[in-house]
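1. got a predicted structure plus its sequence, pasted below:
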Amino acid sequence: MGNAEWGMDADRAASDSSPQSPVPSPLRLVVMGTGPFAVPMFRGLLAGRHRVLALVTRLARSSRAGVKPPPSPMRAVAEGHGLPVLDPESINTPVAREALAALAPDLFVVADYGQILSPETLAVARLGGINLHGSILPKYRGAAPINWALYHGDTETGVTVIHMTPRVDAGPIVAIARTPIDPEEDAVALEQRLAQLGAPLVSQVVDQLAAGQVESLPQDASQACGARRLRKTDGEIDWSRSAPEIKNQVRALEPWPRTSTHWLRQHATPLRVILGHVTVEARTSDSPPGTVVAASSGRLVIATGTGLLAIDQLQPAGKRMMSAGEFLNGHPVATGERFGSP
RNA sequence: CGCGGGGUGGAGCAGCCCGGUAGCUCGCGAGGCUCAUAACCUCGAGGUCACAGGUUCGAAUCCUGUCCCCGCAA
């Protein structure tokens, strides 16, 4: 359901060249993507038999004065293939739509792009658009599905390809793939894996579209939940949460905004530290949340609301990520001191 | 010219404001203690104090410039 129109369009596309041929005509694709999540999919399409006309990506802004922004991975791939790159401030202006229409695309293939396509923009492509999303929809609709899955301690996730509709991430499901989450996996690693998982899925769906053989399922809206964009403040540790919850937070918020707290040291201003790898301790303690219960022999252990959390790696403000041992060599943390918000 | 922190033996830091022969916690080497040890004790090696210039009798420390790292902000 929901693909009747598609099927007719795709049939027509196939019959344009050779009505009886088992190999339908290649589609004219415009890929939209910005982050690393979209790269494997992009490479897969470039290697496939369909025609990639252009990349649409978000405008690269300089992050620091006098320093060039790091080249976006998607842009680099496109330039490597001599593809045109469009980076409109907004994809939904008449000007941007004209530029897209000039390419006469059959299909938009979108992943980790950063802008929401209006119905008018979506209509520029003959078959509309498909989107690769980093969750098992309808769970975690929105900007940060991978992060929120980790944050909530999910043990399974996946990728979903949907037919794009005006409602964000709410379109009918065309393909889905699942994968278990490793308890130690962080958002960067999981995103890489999901990107790899999604790439062949997208190519397969594009092939099916070309052949007019797409089946889709509407999402069960009653099961939907959101995955809103991350905020800086999501990275602040509330030590009254449990040790496993804080560990999930640390895993989820890489590479941004990361998870941080402050060493509330005596006779000095609080020192902000970002947490790297942490371990949930089997022991428990009666100390109030945020209290240092061990700070020697290379081990830094903090009491949480439920359970103890060992900080294995941390990065003091202005410094690099270092082991707890290194940190303790230069910073006289004492048991009984507190970590928390200043 | 967005704001801020920092570059000191292999690691992490102090010293800098109030210039005067380099210190702490580790690591490393040798020896000792010990049934034994990542524990403890003693001794030791190892430093262009980011780089360049300036001020000074004398600069890690003050001044100027350069390079690099990081946090915030986008």
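-> Received the coordinates, thanks. Residues are numbered from 1 along each chain as shown, chains lettered A, B, ... in the order given.

2. so where's chain A uncertain?
-> Applying pLDDT under 70 to chain A flags residues A:1-22, A:60-71.

3. tell me which parts of it are close to RNA strand B?
-> A:61, A:63-66, A:232, A:256-258, A:260, A:272, A:274, A:297, A:315-320, A:322, A:325-331 (C-beta under 7 Å from any atom of the strand). Yep, even glycine has a C-beta here, placed from its N, CA and C like the rest.

4. what subset of those is buried?
-> A:257-258, A:260, A:274, A:315-316, A:322, A:327-328 (16 or more other C-beta atoms under 10 Å).

5. how about the strands in the stretch 1-150 of chain A?
-> Using DSSP state E, counting those that start in this stretch, the strands found in the stretch 1-150 of chain A span residues A:28-33, A:51-56, A:85-86, A:107-111, A:129-133.

6. helices or strands up against the shortest one?
-> The elements that strand A:85-86 packs onto, with contact taken as 3 or more C-beta pairs under 8 Å, 6 or more residues apart in numbering; DSSP states H and E, are strand A:51-56, helix A:73-80, helix A:94-101.

7. repeat the analysis, applying 6 Å as the threshold.
-> strand A:51-56 (3 or more C-beta pairs under 6 Å, 6 or more residues apart in numbering; DSSP states H and E).

8. residues of the strand it packs on that come out buried?
-> Those would be A:52-56, for strand A:51-56 by 16+ other C-beta under 10 Å.

9. got JSON lines for those, with distance to A:His152 too?
-> Below are the buried residues of strand A:51-56 laid out as JSON lines (distance: C-beta to C-beta, whole Å):
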{"residue": "A:Val52", "distance to A:His152": "36"}
{"residue": "A:Leu53", "distance to A:His152": "39"}
{"residue": "A:Ala54", "distance to A:His152": "37"}
{"residue": "A:Leu55", "distance to A:His152": "33"}
{"residue": "A:Val56", "distance to A:His152": "32"}
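
10. about what we covered before: got CSV for the strands of the stretch 1-150 of chain A, with distance to A:Arg265 too?
-> Formatted as CSV, the strands of the stretch 1-150 of chain A follow (distance: least, C-beta to C-beta, whole Å):
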stretch, distance to A:Arg265
strand A:28-33, 44
strand A:51-56, 49
strand A:85-86, 49
strand A:107-111, 44
strand A:129-133, 44
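
11. for A:Ala295, phi and psi?
-> Note on A:Ala295: backbone dihedrals following degrees, to the nearest 10 are phi -150, psi 60.

12. surely it touches A:Pro332?
-> No. A:Ala295 lies out of contact with A:Pro332 (C-beta atoms under 6 Å); the separation is 8.5 Å.

13. need the residues that contact the helix or strand where A:Val293 lies.
-> Applying DSSP states H and E as the criterion places A:Val293 in strand A:292-296. Applying C-beta atoms under 6 Å, 6 or more residues apart in numbering, the external contacts of strand A:292-296 come out as A:285, A:287, A:301, A:303, A:333, A:335, A:337.

14. partner residues bridging the fourth one?
-> Beta-bridge partners recorded for A:Ala303 (DSSP bridges): A:Leu308.

15. flag every buried residue along the longest helix seen in chain A.
-> Identified as the longest helix of chain A according to DSSP state H is helix A:187-211. Buried positions in helix A:187-211, judged by neighbour count with 16+ other C-beta under 10 Å: A:187, A:190-191, A:193-195, A:197-199, A:201-203, A:205-211.
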